[in-house]
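Asks: Need a 3D model of the following:
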Amino acid sequence: MPKFTCPDGLAVAYRTSGQGTPLLLLSGQGNGMGWWDPIVADFESDHLVIRFDYLGTGGSDAPASGYSLGRFADDAAALLDHLGIESSAVYGTSMGGKVAQQLALRHPARVNSLVIGCSSTGGPNTLRMPKEISSRIADPASKEALLTDLMYSSAWTAERPGPYATLGEAKTPQARLGHRRASNGHDAWDQLGAIAVPTLVLHGSDDLMVPPANADLLAGRIPNAQVRIIPGGRHAYFEECREVASPIVLDFLAEVLAAPSNDSK
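Replies: Okay, the predicted model is just below:
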């Protein structure tokens, strides 16, 4: 697996596949590029798909500290530099949706369109999961079963016994804690008005981990953002409802690509 070296010497693993215009995929909390394995083929016919392992996951280095969404966004920009890509479409889900926001804010020239899935603005305006659910996630005895139920419907998992790529692969306790603190510390509410690229906000209607009302809150802060709610989708709507969700993303990106540039005469 190829890697590139960040300015501070840490190594980040990445992968490219497919062909066409660039599409950077950003994974959820505590997960690397394997988060996208079940559906990456949906995008490879139309896009050069770019994925990477956040620090602390997969083939990337796992430092004892230094985890932040800003760092993950900077690493994404450094990867585009490494690949010689000036700008890319970006699709981030869950924590990856927060990293996508940070990338668009910190490196606006690198993002030409944005898809944010099952995510939020962060901060005090976020609608959070019920406390009875979050307290059960903290219990190791019930965590995996509860996370699976939050990610997927029971009917879907009954036919697909797993393992599931979305349930986390942080390499060390420090990495797991670092990812959780980074995601929980996100608050872009006051900055999101600066995002000027076409933006699509996706969410599953049955998401209890990040309640779907967050989609409207998020889109309300980003100028001209569109919202699409996936009926029956839980937190991993992009996998369980891929037959609906992936075409929505592909159609949106195709429309952006076909739209006249603001610089056109």
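Asks: Would you mind listing the buried residues in stretch 158-170?
Replies: Within stretch 158-170, the residues that count as buried by 16 or more other C-beta atoms under 10 Å are 164, 165, 166, 167, 168, 169, 170. Heads up, the C-betas are built off the backbone N, CA and C, glycines and all.
Asks: And these, which is the shakiest by pLDDT?
Replies: Lowest pLDDT among those: residue 169, with 79.
Asks: What separation is there between that residue and residue 99?
Replies: Residue 169 sits 16 Å away from residue 99, going by C-beta to C-beta, to the nearest Å.
Asks: Can you list the buried residues in stretch 79-86?
Replies: Neighbour count says stretch 79-86 has 79, 80, 82, 83, 85 buried, by 16+ other C-beta under 10 Å.
Asks: Go through these and say which is closest to residue 182.
Replies: residue 79 (17.9 Å; C-beta to C-beta).
Asks: returning to that earlier point: any chance of the buried residues of stretch 158-170 in a markdown table, with secondary structure too?
Replies: Below are the buried residues of stretch 158-170 laid out as a markdown table (DSSP: H, G, I helix; E, B strand; the rest coil):
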| residue | secondary structure |
| --- | --- |
| 164 | coil |
| 165 | coil |
| 166 | coil |
| 167 | coil |
| 168 | coil |
| 169 | coil |
| 170 | strand |
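Asks: Columns distance to residue 250 on top of these, output as a markdown table?
Replies: Output for the buried residues of stretch 158-170, formatted as a markdown table (distance: C-beta to C-beta, whole Å):
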| residue | distance to residue 250 |
| --- | --- |
| 164 | 23 |
| 165 | 20 |
| 166 | 21 |
| 167 | 26 |
| 168 | 27 |
| 169 | 27 |
| 170 | 30 |
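Asks: from these, which is closest to residue 43?
Replies: residue 165 (15.5 Å).
Asks: quick one, phi psi at the closest one?
Replies: phi -70, psi -20 (degrees, to the nearest 10).
Asks: again with residue 120
Replies: phi -160, psi 170.
Asks: again with residue 147
Replies: Dihedral angles for residue 147 - degrees, to the nearest 10 - are phi -60, psi -40.
Asks: could you show me where the helices are in the stretch 151-265 of the chain, in order?
Replies: 154-159, 173-184, 213-221, 237-240, 242-258 (DSSP state H, counting those that start in this stretch).
Asks: Identify whichever of those lies nearest to residue 12.
Replies: So among the helices of the stretch 151-265 of the chain, helix 173-184 is nearest, using C-beta to C-beta, at 13.3 Å.
Asks: just to revisit the earlier point, buried deepest among the helices of the stretch 151-265 of the chain, which one?
Replies: Per residue and on average, the most neighbours among these fall to helix 237-240, with a mean of 26 (mean count of other C-beta atoms under 10 Å).
Asks: re earlier: of all the helices of the stretch 151-265 of the chain, which lies closest to residue 125?
Replies: Short answer: helix 213-221, nearest of those by C-beta to C-beta, at 6.1 Å.
Asks: So what touches the closest one?
Replies: Outside helix 213-221, the residues that touch it by C-beta atoms under 8 Å, 6 or more residues apart in numbering are 116, 119-121, 125-127, 188-189, 192-193, 199, 201-203, 225-227, 229.
Asks: Buried only: go through those residues for me.
Replies: Using 16+ other C-beta under 10 Å, the buried ones in the contacts of helix 213-221 are 116, 119-121, 125-126, 188-189, 192, 199, 201-203, 225, 227, 229.
Asks: Can you name the residues that contact residue 223?
Replies: Applying C-beta under 8 Å, 6+ apart, the residues contacting residue 223 are 193, 195, 196.
Asks: The residues you listed into JSON lines, with extra columns for pLDDT?
Replies: JSON lines is the format used below for the contacts of residue 223 (pLDDT from 0 to 100):
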{"residue": "193", "pLDDT": "98"}
{"residue": "195", "pLDDT": "98"}
{"residue": "196", "pLDDT": "96"}
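Asks: of these, closest to residue 209?
Replies: Closest to residue 209, out of all of these and judged by C-beta to C-beta, is residue 195, at 23.7 Å.
Asks: Might one say that that closest one is in contact with residue 100?
Replies: No. With contact defined as C-beta atoms under 8 Å, residue 195 does not count as touching residue 100 (9.7 Å).
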